[in-house]
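In: Sequence plus predicted model, see below.
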Amino acid sequence: DQQEALRSYERAVAVRRKLAFENPAIPSLKADLYKAYLDLGNYRKDLGDAVAANRSLRAAQDVLENVPRETPDELFELATVYGALATPEEGATEPTEQERDDQQRYADLAMETLVKAVEEGYRNLKAIQSHKRLAALREREDFQQLAGRLEKEIQAEELATKEGGTDAAKLADRRQAVDVLRELIGSDSPEARHRATLAATLYSIAEIQIGLKQYAEAEESLQEALETRRALLDEQPDSPQATLDVLAVEYVPGRLFWAQGEYAEAHRRWQTCLDKLLQMAKAHRENQDVQKEISLQERKIFQNYGRWGLFPLARDHVARSVEFGRVRAAADVHDPASEGEFSAGVLMDTDAELARGYLRQLAESLRDEEYQWTVDLIHLVRCIAAIGASDLLSDELLSQFQTTFDEKSGQEWIALGMAMVHYC
(Lines give C-alpha, C1' and ligand atoms only; values in the text may rest on other atoms or scores of the structure.)
Protein backbone atom coordinates (compact mmCIF):
# COMPACT_ATOMS: atom_id res chain seq x y z
CA ASP A 1 0.00 0.00 0.00
CA GLN A 2 0.99 3.70 -0.12
CA GLN A 3 2.21 3.83 3.49
CA GLU A 4 4.39 0.77 3.03
CA ALA A 5 5.84 2.27 -0.17
CA LEU A 6 6.51 5.51 1.70
CA ARG A 7 8.30 3.65 4.50
CA SER A 8 10.37 1.85 1.87
CA TYR A 9 11.51 5.18 0.38
CA GLU A 10 12.28 6.51 3.87
CA ARG A 11 14.33 3.42 4.72
CA ALA A 12 16.28 3.86 1.49
CA VAL A 13 17.14 7.43 2.51
CA ALA A 14 18.24 6.28 5.98
CA VAL A 15 20.49 3.55 4.56
CA ARG A 16 22.02 5.85 1.90
CA ARG A 17 22.56 8.63 4.44
CA LYS A 18 24.38 6.26 6.83
CA LEU A 19 26.62 4.94 4.05
CA ALA A 20 27.45 8.44 2.80
CA PHE A 21 28.21 9.63 6.35
CA GLU A 22 30.47 6.66 7.13
CA ASN A 23 32.28 6.85 3.77
CA PRO A 24 32.70 10.58 2.96
CA ALA A 25 35.53 9.89 0.49
CA ILE A 26 33.24 7.92 -1.88
CA PRO A 27 31.38 10.51 -4.00
CA SER A 28 29.15 7.91 -5.64
CA LEU A 29 27.41 7.36 -2.30
CA LYS A 30 26.40 11.01 -2.33
CA ALA A 31 24.82 10.43 -5.72
CA ASP A 32 22.90 7.47 -4.28
CA LEU A 33 21.75 9.59 -1.33
CA TYR A 34 20.68 12.36 -3.68
CA LYS A 35 18.64 9.87 -5.72
CA ALA A 36 17.03 8.45 -2.57
CA TYR A 37 15.96 11.92 -1.39
CA LEU A 38 14.72 12.72 -4.89
CA ASP A 39 12.65 9.55 -5.08
CA LEU A 40 11.20 10.21 -1.63
CA GLY A 41 10.34 13.79 -2.52
CA ASN A 42 8.67 12.82 -5.79
CA TYR A 43 6.63 10.09 -4.10
CA ARG A 44 5.49 12.48 -1.38
CA LYS A 45 4.50 14.90 -4.11
CA ASP A 46 2.43 12.15 -5.74
CA LEU A 47 0.73 11.60 -2.39
CA GLY A 48 -0.17 15.28 -2.25
CA ASP A 49 2.09 16.08 0.73
CA ALA A 50 3.66 19.23 -0.75
CA VAL A 51 5.37 20.36 2.47
CA ALA A 52 7.14 17.04 3.09
CA ALA A 53 7.93 16.70 -0.62
CA ASN A 54 9.63 20.10 -0.72
CA ARG A 55 11.59 19.21 2.41
CA SER A 56 12.95 16.04 0.79
CA LEU A 57 13.72 17.81 -2.48
CA ARG A 58 15.63 20.56 -0.63
CA ALA A 59 17.61 17.87 1.20
CA ALA A 60 18.47 16.31 -2.17
CA GLN A 61 19.71 19.66 -3.46
CA ASP A 62 21.77 20.22 -0.29
CA VAL A 63 23.56 16.90 -0.88
CA LEU A 64 24.74 18.06 -4.31
CA GLU A 65 25.64 21.57 -3.19
CA ASN A 66 27.82 20.22 -0.37
CA VAL A 67 29.94 17.97 -2.56
CA PRO A 68 33.47 19.56 -2.41
CA ARG A 69 34.49 21.31 -5.64
CA GLU A 70 37.60 23.36 -4.85
CA THR A 71 40.44 21.26 -6.27
CA PRO A 72 40.78 19.54 -9.66
CA ASP A 73 40.35 16.14 -7.99
CA GLU A 74 37.19 17.28 -6.20
CA LEU A 75 35.77 18.67 -9.43
CA PHE A 76 36.41 15.33 -11.12
CA GLU A 77 34.64 13.49 -8.30
CA LEU A 78 31.69 15.88 -8.59
CA ALA A 79 31.57 15.12 -12.32
CA THR A 80 31.29 11.42 -11.46
CA VAL A 81 28.38 12.22 -9.11
CA TYR A 82 26.56 13.96 -11.95
CA GLY A 83 27.58 11.12 -14.25
CA ALA A 84 26.01 8.59 -11.90
CA LEU A 85 22.77 10.60 -11.92
CA ALA A 86 22.85 10.62 -15.73
CA THR A 87 23.19 6.84 -15.96
CA PRO A 88 20.01 4.70 -15.93
CA GLU A 89 20.05 2.01 -13.27
CA GLU A 90 20.65 -1.55 -14.43
CA GLY A 91 17.40 -3.33 -15.26
CA ALA A 92 15.41 -0.10 -15.13
CA THR A 93 12.26 0.18 -17.20
CA GLU A 94 12.00 2.55 -20.13
CA PRO A 95 12.49 6.04 -18.63
CA THR A 96 9.72 8.58 -18.74
CA GLU A 97 10.15 11.82 -20.65
CA GLN A 98 10.87 13.60 -17.36
CA GLU A 99 13.50 11.03 -16.41
CA ARG A 100 15.17 11.37 -19.81
CA ASP A 101 15.24 15.15 -19.41
CA ASP A 102 16.78 14.78 -15.96
CA GLN A 103 19.41 12.36 -17.22
CA GLN A 104 20.33 14.73 -20.05
CA ARG A 105 20.59 17.64 -17.61
CA TYR A 106 22.91 15.67 -15.33
CA ALA A 107 25.00 14.51 -18.28
CA ASP A 108 25.45 18.15 -19.31
CA LEU A 109 26.41 19.08 -15.73
CA ALA A 110 28.88 16.17 -15.61
CA MET A 111 30.48 17.33 -18.86
CA GLU A 112 30.62 20.95 -17.75
CA THR A 113 32.23 19.96 -14.44
CA LEU A 114 34.70 17.62 -16.15
CA VAL A 115 35.81 20.40 -18.47
CA LYS A 116 36.36 22.66 -15.47
CA ALA A 117 38.36 19.96 -13.68
CA VAL A 118 40.70 19.67 -16.68
CA GLU A 119 40.99 23.45 -16.95
CA GLU A 120 41.98 23.57 -13.28
CA GLY A 121 44.69 20.95 -13.78
CA TYR A 122 43.16 17.46 -13.60
CA ARG A 123 45.42 15.14 -15.60
CA ASN A 124 44.30 11.55 -14.97
CA LEU A 125 43.30 10.65 -18.52
CA LYS A 126 42.89 6.96 -17.69
CA ALA A 127 40.30 7.77 -15.00
CA ILE A 128 38.38 10.00 -17.40
CA GLN A 129 38.33 7.33 -20.08
CA SER A 130 37.45 4.37 -17.85
CA HIS A 131 35.48 5.55 -14.80
CA LYS A 132 32.20 3.64 -14.86
CA ARG A 133 30.26 6.64 -13.51
CA LEU A 134 31.12 8.56 -16.68
CA ALA A 135 29.78 5.89 -19.04
CA ALA A 136 26.85 8.10 -20.05
CA LEU A 137 29.31 10.65 -21.52
CA ARG A 138 31.61 8.50 -23.60
CA GLU A 139 29.70 8.62 -26.84
CA ARG A 140 29.38 12.38 -26.74
CA GLU A 141 31.48 14.32 -29.20
CA ASP A 142 32.47 16.95 -26.64
CA PHE A 143 33.70 14.21 -24.27
CA GLN A 144 35.84 12.63 -26.99
CA GLN A 145 37.25 16.04 -27.95
CA LEU A 146 38.12 16.77 -24.32
CA ALA A 147 39.89 13.42 -23.92
CA GLY A 148 41.79 13.96 -27.18
CA ARG A 149 42.93 17.44 -26.17
CA LEU A 150 43.99 16.26 -22.72
CA GLU A 151 46.04 13.43 -24.24
CA LYS A 152 47.94 15.97 -26.35
CA GLU A 153 48.36 18.33 -23.39
CA ILE A 154 49.88 15.57 -21.30
CA GLN A 155 52.18 14.59 -24.17
CA ALA A 156 53.33 18.21 -24.55
CA GLU A 157 53.86 18.66 -20.81
CA GLU A 158 55.93 15.48 -20.56
CA LEU A 159 58.09 16.45 -23.52
CA ALA A 160 58.54 20.01 -22.24
CA THR A 161 59.76 18.86 -18.82
CA LYS A 162 61.66 15.73 -19.78
CA GLU A 163 65.07 15.59 -18.13
CA GLY A 164 68.09 13.41 -18.71
CA GLY A 165 70.16 13.00 -21.83
CA THR A 166 72.12 15.67 -23.66
CA ASP A 167 71.06 19.26 -24.16
CA ALA A 168 70.52 18.42 -27.82
CA ALA A 169 68.07 15.66 -26.81
CA LYS A 170 66.24 18.01 -24.44
CA LEU A 171 66.03 20.58 -27.21
CA ALA A 172 64.51 18.02 -29.59
CA ASP A 173 61.92 17.00 -26.98
CA ARG A 174 60.90 20.59 -26.32
CA ARG A 175 60.62 21.35 -30.02
CA GLN A 176 58.30 18.36 -30.35
CA ALA A 177 56.28 19.75 -27.45
CA VAL A 178 56.00 23.08 -29.27
CA ASP A 179 54.62 21.30 -32.35
CA VAL A 180 51.93 19.59 -30.24
CA LEU A 181 51.05 22.86 -28.51
CA ARG A 182 50.78 24.72 -31.81
CA GLU A 183 48.33 22.05 -32.95
CA LEU A 184 46.26 22.55 -29.80
CA ILE A 185 46.31 26.32 -30.14
CA GLY A 186 45.21 26.03 -33.75
CA SER A 187 42.10 24.05 -32.76
CA ASP A 188 38.58 25.46 -32.62
CA SER A 189 38.86 26.37 -28.94
CA PRO A 190 42.43 27.43 -28.08
CA GLU A 191 42.94 27.67 -24.31
CA ALA A 192 44.98 30.33 -22.54
CA ARG A 193 46.78 27.56 -20.64
CA HIS A 194 48.01 26.08 -23.94
CA ARG A 195 49.54 29.42 -24.89
CA ALA A 196 51.03 29.75 -21.41
CA THR A 197 52.62 26.32 -21.73
CA LEU A 198 53.89 27.22 -25.21
CA ALA A 199 55.54 30.37 -23.86
CA ALA A 200 57.14 28.46 -20.99
CA THR A 201 58.43 25.81 -23.39
CA LEU A 202 59.89 28.41 -25.76
CA TYR A 203 61.54 30.06 -22.74
CA SER A 204 63.09 26.69 -21.82
CA ILE A 205 64.23 26.17 -25.41
CA ALA A 206 65.95 29.57 -25.41
CA GLU A 207 67.84 28.70 -22.21
CA ILE A 208 69.10 25.46 -23.78
CA GLN A 209 70.01 27.24 -27.03
CA ILE A 210 72.07 29.80 -25.13
CA GLY A 211 73.97 26.94 -23.47
CA LEU A 212 74.57 25.43 -26.92
CA LYS A 213 75.70 28.84 -28.24
CA GLN A 214 72.82 28.90 -30.73
CA TYR A 215 72.36 32.60 -30.11
CA ALA A 216 70.32 33.55 -33.17
CA GLU A 217 67.89 30.68 -32.58
CA ALA A 218 67.64 31.60 -28.90
CA GLU A 219 66.70 35.16 -29.82
CA GLU A 220 63.89 33.89 -32.06
CA SER A 221 62.56 31.61 -29.32
CA LEU A 222 62.63 34.45 -26.80
CA GLN A 223 60.82 36.80 -29.13
CA GLU A 224 57.93 34.38 -29.64
CA ALA A 225 57.78 33.59 -25.91
CA LEU A 226 57.68 37.32 -25.12
CA GLU A 227 54.96 38.06 -27.68
CA THR A 228 52.85 35.18 -26.34
CA ARG A 229 53.18 36.26 -22.72
CA ARG A 230 52.48 39.89 -23.54
CA ALA A 231 49.28 38.81 -25.33
CA LEU A 232 48.25 36.85 -22.23
CA LEU A 233 49.01 39.89 -20.07
CA ASP A 234 46.80 42.04 -22.29
CA GLU A 235 43.96 39.61 -21.52
CA GLN A 236 44.52 39.88 -17.74
CA PRO A 237 46.26 43.22 -17.11
CA ASP A 238 45.63 43.14 -13.35
CA SER A 239 47.31 39.76 -12.84
CA PRO A 240 50.66 40.02 -10.98
CA GLN A 241 51.61 36.53 -12.21
CA ALA A 242 51.03 37.47 -15.85
CA THR A 243 53.27 40.52 -15.36
CA LEU A 244 55.96 38.40 -13.71
CA ASP A 245 55.77 35.91 -16.57
CA VAL A 246 56.58 38.71 -19.02
CA LEU A 247 59.47 39.96 -16.86
CA ALA A 248 60.88 36.42 -16.62
CA VAL A 249 61.31 36.40 -20.40
CA GLU A 250 62.67 39.96 -20.47
CA TYR A 251 65.48 38.84 -18.16
CA VAL A 252 66.84 36.22 -20.58
CA PRO A 253 68.15 38.55 -23.31
CA GLY A 254 70.57 39.82 -20.67
CA ARG A 255 71.92 36.29 -20.40
CA LEU A 256 72.14 36.17 -24.18
CA PHE A 257 74.23 39.36 -24.29
CA TRP A 258 76.36 38.25 -21.34
CA ALA A 259 77.14 34.91 -23.02
CA GLN A 260 78.36 36.81 -26.10
CA GLY A 261 80.58 39.14 -24.08
CA GLU A 262 78.30 42.18 -24.40
CA TYR A 263 78.40 42.89 -20.66
CA ALA A 264 77.29 46.51 -20.76
CA GLU A 265 74.12 45.67 -22.69
CA ALA A 266 73.43 42.71 -20.40
CA HIS A 267 73.79 44.99 -17.38
CA ARG A 268 71.47 47.59 -18.94
CA ARG A 269 68.79 44.96 -19.63
CA TRP A 270 69.02 43.54 -16.12
CA GLN A 271 68.80 46.95 -14.48
CA THR A 272 65.64 47.65 -16.48
CA CYS A 273 64.15 44.38 -15.24
CA LEU A 274 65.18 45.15 -11.66
CA ASP A 275 63.50 48.56 -11.83
CA LYS A 276 60.25 46.94 -12.96
CA LEU A 277 60.49 44.28 -10.27
CA LEU A 278 61.06 46.94 -7.62
CA GLN A 279 57.90 48.76 -8.68
CA MET A 280 55.99 45.49 -8.46
CA ALA A 281 57.38 44.80 -5.01
CA LYS A 282 56.20 48.20 -3.79
CA ALA A 283 52.75 47.69 -5.34
CA HIS A 284 52.34 44.26 -3.70
CA ARG A 285 54.19 44.84 -0.44
CA GLU A 286 51.85 42.68 1.68
CA ASN A 287 51.48 39.80 -0.78
CA GLN A 288 54.15 37.29 0.23
CA ASP A 289 53.40 34.95 -2.67
CA VAL A 290 54.10 37.75 -5.14
CA GLN A 291 57.14 38.84 -3.13
CA LYS A 292 58.56 35.34 -3.31
CA GLU A 293 58.17 35.23 -7.09
CA ILE A 294 59.76 38.68 -7.40
CA SER A 295 62.66 37.53 -5.22
CA LEU A 296 63.20 34.45 -7.40
CA GLN A 297 63.46 36.60 -10.51
CA GLU A 298 65.73 39.19 -8.89
CA ARG A 299 67.88 36.42 -7.55
CA LYS A 300 68.74 35.15 -11.04
CA ILE A 301 70.17 38.56 -11.91
CA PHE A 302 71.99 39.08 -8.62
CA GLN A 303 73.48 35.59 -8.81
CA ASN A 304 75.09 36.55 -12.12
CA TYR A 305 76.58 39.64 -10.49
CA GLY A 306 77.73 37.66 -7.45
CA ARG A 307 79.44 34.94 -9.45
CA TRP A 308 81.58 37.61 -11.06
CA GLY A 309 82.42 39.18 -7.71
CA LEU A 310 80.32 42.29 -8.42
CA PHE A 311 79.23 42.42 -4.79
CA PRO A 312 78.13 46.09 -4.74
CA LEU A 313 75.56 45.17 -7.43
CA ALA A 314 74.51 41.94 -5.72
CA ARG A 315 74.10 43.78 -2.42
CA ASP A 316 70.84 45.35 -3.63
CA HIS A 317 69.19 41.94 -3.36
CA VAL A 318 69.94 41.87 0.36
CA ALA A 319 68.51 45.36 0.79
CA ARG A 320 65.33 44.53 -1.10
CA SER A 321 64.83 41.23 0.70
CA VAL A 322 65.13 42.95 4.08
CA GLU A 323 62.88 45.85 3.07
CA PHE A 324 60.07 43.60 1.88
CA GLY A 325 60.48 40.97 4.60
CA ARG A 326 61.21 38.12 2.21
CA VAL A 327 64.48 36.66 3.48
CA ARG A 328 63.89 32.94 3.55
CA ALA A 329 65.93 29.80 3.98
CA ALA A 330 67.76 28.89 0.80
CA ALA A 331 65.67 25.75 0.32
CA ASP A 332 62.68 28.02 -0.30
CA VAL A 333 64.17 29.14 -3.59
CA HIS A 334 65.75 27.60 -6.66
CA ASP A 335 69.46 26.78 -6.82
CA PRO A 336 70.26 27.22 -3.11
CA ALA A 337 73.91 26.27 -3.57
CA SER A 338 74.67 29.45 -5.49
CA GLU A 339 73.43 31.52 -2.55
CA GLY A 340 76.14 30.01 -0.41
CA GLU A 341 78.81 30.58 -3.05
CA PHE A 342 78.99 34.31 -2.61
CA SER A 343 76.39 35.60 -0.15
CA ALA A 344 78.87 35.78 2.71
CA GLY A 345 81.08 37.97 0.52
CA VAL A 346 78.08 40.15 -0.32
CA LEU A 347 77.32 40.65 3.36
CA MET A 348 80.92 41.60 4.10
CA ASP A 349 80.52 44.34 1.49
CA THR A 350 77.25 45.53 3.08
CA ASP A 351 76.68 47.97 5.91
CA ALA A 352 76.45 46.22 9.27
CA GLU A 353 72.83 47.07 10.09
CA LEU A 354 71.56 45.84 6.74
CA ALA A 355 73.57 42.63 7.04
CA ARG A 356 72.19 42.01 10.53
CA GLY A 357 68.66 42.62 9.28
CA TYR A 358 69.19 39.98 6.60
CA LEU A 359 70.58 37.47 9.09
CA ARG A 360 67.82 38.10 11.63
CA GLN A 361 65.15 37.32 9.04
CA LEU A 362 67.07 34.27 7.83
CA ALA A 363 67.44 32.96 11.39
CA GLU A 364 63.72 33.49 11.97
CA SER A 365 62.88 31.43 8.87
CA LEU A 366 64.85 28.53 10.37
CA ARG A 367 62.93 28.40 13.64
CA ASP A 368 60.40 25.86 12.42
CA GLU A 369 61.12 22.80 14.54
CA GLU A 370 60.34 20.52 11.60
CA TYR A 371 62.94 22.20 9.41
CA GLN A 372 65.52 19.72 8.10
CA TRP A 373 67.60 21.59 5.52
CA THR A 374 71.11 21.36 6.94
CA VAL A 375 72.56 23.37 4.04
CA ASP A 376 70.65 26.42 5.28
CA LEU A 377 72.03 26.09 8.78
CA ILE A 378 75.53 26.02 7.31
CA HIS A 379 74.68 29.03 5.15
CA LEU A 380 73.46 31.04 8.15
CA VAL A 381 76.49 30.16 10.29
CA ARG A 382 78.92 31.01 7.49
CA CYS A 383 77.29 34.41 6.98
CA ILE A 384 77.26 35.14 10.71
CA ALA A 385 80.94 34.20 10.92
CA ALA A 386 81.74 36.43 7.94
CA ILE A 387 80.45 39.59 9.61
CA GLY A 388 81.14 38.66 13.23
CA ALA A 389 77.51 38.69 14.37
CA SER A 390 77.71 35.73 16.76
CA ASP A 391 75.15 37.32 19.10
CA LEU A 392 72.49 36.30 16.54
CA LEU A 393 73.16 32.63 17.37
CA SER A 394 70.60 32.18 20.14
CA ASP A 395 70.61 29.19 22.48
CA GLU A 396 67.51 27.94 20.66
CA LEU A 397 69.26 27.98 17.29
CA LEU A 398 72.43 26.45 18.69
CA SER A 399 70.39 23.59 20.12
CA GLN A 400 68.69 23.14 16.78
CA PHE A 401 72.06 23.08 15.02
CA GLN A 402 73.46 20.54 17.47
CA THR A 403 70.49 18.19 17.00
CA THR A 404 70.74 18.39 13.21
CA PHE A 405 74.48 17.88 13.17
CA ASP A 406 74.32 14.97 15.64
CA GLU A 407 71.90 13.17 13.32
CA LYS A 408 74.38 13.49 10.42
CA SER A 409 77.67 13.44 12.25
CA GLY A 410 79.21 10.91 9.86
CA GLN A 411 79.44 13.50 7.09
CA GLU A 412 82.63 15.57 6.99
CA TRP A 413 80.96 18.77 5.85
CA ILE A 414 78.55 18.49 8.79
CA ALA A 415 81.52 18.38 11.13
CA LEU A 416 82.90 21.46 9.39
CA GLY A 417 79.60 23.24 9.96
CA MET A 418 79.66 22.42 13.65
CA ALA A 419 83.22 23.69 13.85
CA MET A 420 82.02 27.01 12.45
CA VAL A 421 79.29 27.15 15.09
CA HIS A 422 81.88 26.70 17.86
CA TYR A 423 84.15 29.24 16.17
CA CYS A 424 81.38 31.83 16.21
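Out: Structure received.
In: Does residue 363 touch residue 397 like I think?
Out: Yes: assessed by C-beta atoms under 8 Å, residue 363 is found in contact with residue 397 at 6.1 Å. Just so you know, the C-beta spots here come from the backbone N, C-alpha and C atoms, and that holds for glycine as well.
In: Now the common contact residues for these two.
Out: Residues touching both residue 363 and residue 397 (C-beta atoms under 8 Å, 6 or more residues apart in numbering): none.
In: Tell me how far the residue most central in space within the chain lies from residue 143.
Out: Computing the C-alpha centroid of the chain and ranking residues by C-alpha atoms, centre = their mean puts residue 121 first, at 9.1 Å. Per C-beta to C-beta, to the nearest Å, residue 121 is found 19 Å from residue 143.
In: Give me the local confidence score for residue 47.
Out: Looking at residue 47, its pLDDT stands at 86.
In: try residue 263
Out: Looking at residue 263, its pLDDT reads 94.
In: Any regions of this structure where pLDDT drops low?
Out: The model of the chain has pLDDT under 70 over residues 57, 89-93, 187-190, 329-342, 367-376, 404, 408-424.
In: give me every residue that touches residue 159.
Out: 173, 174, 176, 177, 180.
In: ok, so of the residues you listed, who is nearest residue 275?
Out: Distance ranking of these against residue 275, using C-beta to C-beta, places residue 174 first at 30.9 Å.
In: need the contact list for the closest one.
Out: With C-beta under 8 Å, 6+ apart, residue 174 has these contacts: 159, 160, 201, 204, 205, 208.
In: Just put these in TSV and tack on distance to residue 383 and secondary structure.
Out: Below are the contacts of residue 174 laid out as TSV (distance: C-beta to C-beta, whole Å; DSSP: H, G, I helix; E, B strand; the rest coil):
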residue	distance to residue 383	secondary structure
159	41	helix
160	37	helix
201	37	helix
204	32	helix
205	36	helix
208	33	helix
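In: The contacts of residue 159 in strands, which ones?
Out: Assignment to strands by DSSP state E places none of the contacts of residue 159 there.
In: Just send those back as TSV, with distance to residue 325 too.
Out: As requested, the contacts of residue 159 are exported to TSV (distance: C-beta to C-beta, whole Å):
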residue	distance to residue 325
173	40
174	37
176	43
177	38
180	42
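In: quick one, phi/psi of residue 47?
Out: Dihedral angles of residue 47 (phi, psi; degrees, to the nearest 10) stand at phi -80, psi -10.
In: How many neighbouring residues does it have?
Out: Neighbour count of residue 47, defined by other C-beta atoms under 10 Å: 14.
In: do residue 54 as well
Out: Neighbours around residue 54, by other C-beta under 10 Å: 13.
In: Please name the nearest non-neighbouring residue to it.
Out: Nearest residue to residue 54, sequence neighbours excluded (C-beta to C-beta, 6 or more residues apart in numbering): residue 41, at 7.4 Å.
In: Run through the residues that contact the residue nearest to the centre of the chain.
Out: Contacts here follow C-beta under 8 Å, 6+ apart; on that basis residue 121 touches residue 72.
In: now it, what's its secondary structure?
Out: Counting by DSSP: H, G, I helix; E, B strand; the rest coil, the backbone at residue 121 sits in coil.
In: I figured residue 198 was touching residue 181, is that so?
Out: Yes: using C-beta under 8 Å, residue 198 makes contact with residue 181 at a distance of 4.3 Å.
In: Have a look at the two and say which one is more surrounded.
Out: Per other C-beta under 10 Å, whichever of residue 198 and residue 181 has more neighbours is residue 181, with 27 against 23.
In: Now the contacts of residue 174 in TSV, please, with extra columns for distance to residue 289.
Out: Listed next are those as TSV, based on distance: C-beta to C-beta, whole Å:
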residue	distance to residue 289
159	29
160	24
201	24
204	23
205	27
208	28
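In: what about the closest residue to residue 360 other than its chain neighbours, neighbour count?
Out: The spatially closest residue to residue 360, leaving aside those adjacent along the chain, is residue 392, at 6.4 Å (C-beta to C-beta, 6+ apart). Close neighbours of residue 392, defined as other C-beta under 10 Å, add up to 16.
In: Quick check, residue 392 in contact with residue 361.
Out: No: using C-beta under 8 Å as the test, residue 392 is too far from residue 361 to be in contact (10.7 Å).
In: Could you tell me the backbone phi and psi angles at residue 133?
Out: Per-residue torsions, residue 133: phi -80, psi -10 (degrees, to the nearest 10).
In: Can you report how many residues lie near it?
Out: 20.
In: repeat for the one 5 residues further on
Out: When counting by other C-beta under 10 Å, one arrives at 14 neighbours for residue 138.
In: quick one: contacts for it?
Out: Shown in contact with residue 138 (C-beta under 8 Å, 6+ apart): 129, 144.
In: how near is it to residue 146?
Out: 11 Å.
In: List the contacts of residue 76.
Out: Counted by C-beta under 8 Å, 6+ apart, residue 76 has contacts 113, 114, 117, 122, 124, 127, 128.
In: which residues does the residue nearest to residue 360 contact?
Out: Residue 392 neighbours (C-beta under 8 Å, 6+ apart): 356, 359, 360, 363, 384.
In: list the contacts for residue 156?
Out: Counting by C-beta under 8 Å, 6+ apart, the residues that residue 156 touches are 177, 180, 181, 184, 197, 201.
In: Quick check: the second one touching residue 154?
Out: What that stands for is residue 180. No: if you go by C-beta under 8 Å, residue 180 and residue 154 don't touch, sitting 9.8 Å apart.
In: Same drill for the two, tell me which one is more crowded.
Out: Higher neighbour count among residue 180 and residue 154: residue 180, with 23 against 14, using other C-beta under 10 Å.
In: Would you mind confirming that residue 13 is in contact with residue 38?
Out: No: look at residue 13 against residue 38 with C-beta under 8 Å: they stay out of range, at 9.9 Å.
In: If anything else comes up later, I'll come back, but that's it for now.
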